[in-house]
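A.B. asks: coords please:
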Amino acid sequence: MKKFTEDVLDIIQSIPYGNVMTYGQIAAVAGNLHGARQVSRILHSMSDKYNLPWHRVINAQGKISLKGEYGHLQKRLLEQEGIVFKNHKINLREYRFKFN
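C.D. replies: Got it, this is the predicted structure:
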């Protein structure tokens with residue numbers, strides 16, 4: 001497994017309850033400023049295997065990128081963690097996890 005992939009998995013697993021990170025933010029922390037799509041692919045292919053809290057990853061606008069059933073599930077899971085949506089968006093200032 002490549003270091004970037006390992007780092008992305010570690011970062012996603014560290015997002016605490018009630019917080020979110022963006023695809024781009026995760027990519028940047030993992031060392032690739034332009035790796036947001038790679039983060040998306042890692043989530044898609046490895047969430048089940050590594051039991052990732054995939055629902056805590058959103059886009060840079062504070063919105064859910066997934067459509068249909070999975071998008072509704074993601075919103076429901078985030079709301080269960082206390083995250084509030086306003087106009088279909090999350091206030092990133094309030095809920096974004098600042099990874100150290």
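
A.B. asks: count the neighbours of residue 11 for me.
C.D. replies: Residue 11 has 20 neighbouring residues, counting by other CB atoms under 10 Å. C-beta here means a position set from N, CA and C on the backbone, and glycine is covered the same way.

A.B. asks: list the contacts for it?
C.D. replies: Shown in contact with residue 11 (CB atoms under 8 Å, 6 or more residues apart in numbering): 21, 26, 29-30, 99.

A.B. asks: just the residues you listed now: which is nearest residue 5?
C.D. replies: residue 30 (8.5 Å; CB to CB).

A.B. asks: wait, what's in contact with the nearest residue to the closest one once chain neighbours are set aside?
C.D. replies: The shortest distance from residue 30 to any non-neighbouring residue, by CB to CB, 6 or more residues apart in numbering, is to residue 7 (3.9 Å). Going by CB under 8 Å, 6+ apart, residue 7 touches 29-31.

A.B. asks: lowest-confidence entry in the contacts of residue 11?
C.D. replies: Lowest pLDDT among the contacts of residue 11: residue 99, with 81.
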